[in-house]
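Q: sequence first, then the predicted structure:
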Amino acid sequence: MISRFVCSILVLLSTSATANAQEMDQSESTAVESATDLIEAGDDSLLGILDLSQYKFRDLTLYWDNDGTVPNFIDDTDRYYTNANGIEVSFNPRLNHALASRLAISDKEDQRFGVGIALKQRIYTPTNILLPNPPARDHPYAGHLALTFAFQRADNRKHDHFGFSLGMTGHSSGAETIQGWIHNTFPDEDDPLGWNTQIPGEPTLNFAFTRTWKSKPADIAGLELEMLPAVGFDVGTVLVDARTSMTLRFGKHLPNDFGPASLLGHRDHTVRTNEASESNWSIYAYTKLGVDAIAHDIFLDGTVFAGSRSAQREPFVATFTFGLIVQYESFYFGWSQSIQSERFELQPDRQTFGSIVLGCSFDW
């Protein structure tokens, strides 16, 4: 960077020295523009996104999914996808003009970018946690702790999410410790007895991509209606699948983001909560229907590099979600209820779980 600045100054001085007094202003302007072009042209490497000194904090988000009574209004269960927690921070990477042009999702002027970093834990248990040795083809005990990185780009009509996660299964995931602590804290909860049968520990990595589109809002009796169709895929040792979904949201002062945040999905990192709506508040209800075609699921198929318990995975899984999102100034609150079809062959009925999301924007 210093050498480029020196080069720019030399260009400016050289131009000034050879110009006459009448043409000096025009020559200096040309030299400055050339120097700026030189700096930008040499600073458009994709590694520029790793310049953390340019990052500006946007949002802090907390996630909680559970199949029990607090967020789950339909059932009070303790099985399959039974609990998940996450904490995530969002940043504006403030890319220079050359790099932003190179990474833009389109040639429109309304380009925006975001980066997210999260720590997420998921816990899975079999149908009956009171059995020390669950049936061999039941859902295995499994835990997963992952550090996830996301890069996003968007304009007013479409949004791309690129995600990469590094994680660990088994005892190192902390799933047994967390569930045991929760069940010991609340005396009405049964103690899970079969964690010694959980899938073994091994490192994991996964890549995710999602493209989301947004329709122009329709006005219905003073309220807005939007459609957000999406397609995506996951590839890695945790999950291999292709997926599609449709989200409908209906409310007042709909934000200019690309849908509600979720632990199993992602949050829109390209806009701050307190900048997402033209008003200082927003409220909307939404429904989402998603279908996944699954080729590999570590929580059912077992670990990749070592033998483990497993269950016969269903190739297609549908999930229906409805929920409510409220934003006021810098604060974000979301609640949702999900109903999911059977994920493995011997699963006796569908899965339900509730989700709570809390977020806020502040200067950091």
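A: Received it, and whenever you're ready, just let me know what you need.
Q: put the alpha carbons of stretch 282-289 into PDB.
A: The C-alpha trace of stretch 282-289 is given here as PDB (Å, rounded to 0.1, in the frame of the first residue of the first chain):
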ATOM      1  CA  SER A 282     -41.300  -3.600  11.400                       C
ATOM      2  CA  ILE A 283     -43.600  -6.500  12.100                       C
ATOM      3  CA  TYR A 284     -44.600  -9.500   9.900                       C
ATOM      4  CA  ALA A 285     -45.900 -13.000  10.000                       C
ATOM      5  CA  TYR A 286     -44.500 -15.600   7.700                       C
ATOM      6  CA  THR A 287     -44.800 -19.200   6.500                       C
ATOM      7  CA  LYS A 288     -42.100 -21.300   4.900                       C
ATOM      8  CA  LEU A 289     -42.300 -24.600   3.100                       C
END
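Q: and the contacts of that stretch?
A: With contacts defined as CB atoms under 8 Å, 6 or more residues apart in numbering, stretch 282-289 is touched by 224, 245-255, 259-260, 276, 318-327. C-beta here means a position set from N, CA and C on the backbone, and glycine is covered the same way.
Q: tell me, how many residues neighbour the nearest residue to residue 206 once chain neighbours are set aside?
A: Among residues not flanking residue 206 along the chain, residue 236 sits closest, at 3.0 Å (CB to CB, 6 or more residues apart in numbering). Neighbourhood size, residue 236 [other CB atoms under 10 Å]: 18.
Q: surely residue 236 meets residue 204?
A: Yes. Applying CB atoms under 8 Å as the test, residue 236 and residue 204 come out as touching, 6.9 Å apart.
Q: what is in contact with the two at once?
A: Contacts common to residue 236 and residue 204, judged by CB under 8 Å, 6+ apart, are residue 165.
Q: C-terminal to the helix or strand encompassing residue 285, what's the next element?
A: Of the helices and strands defined by DSSP states H and E, residue 285 is found in strand 281-297. The element immediately downstream of strand 281-297 (helix or strand, assigned by DSSP H and E) is helix 298-301.
Q: which other helices and strands does that next one contact?
A: If you count contacts as 3 or more CB pairs under 8 Å, 6 or more residues apart in numbering; DSSP states H and E, helix 298-301 packs onto strand 142-154.
Q: can you check what angle separates the strand it packs on from strand 281-297?
A: 120 degrees (axes from the mean of the first three to the mean of the last three CA atoms, to 10 degrees).
Q: chain center to strand 142-154, what's the gap?
A: Relative to the centre of its chain, strand 142-154 is centred 6 Å away, using CA atoms, centre = their mean, to the nearest Å.
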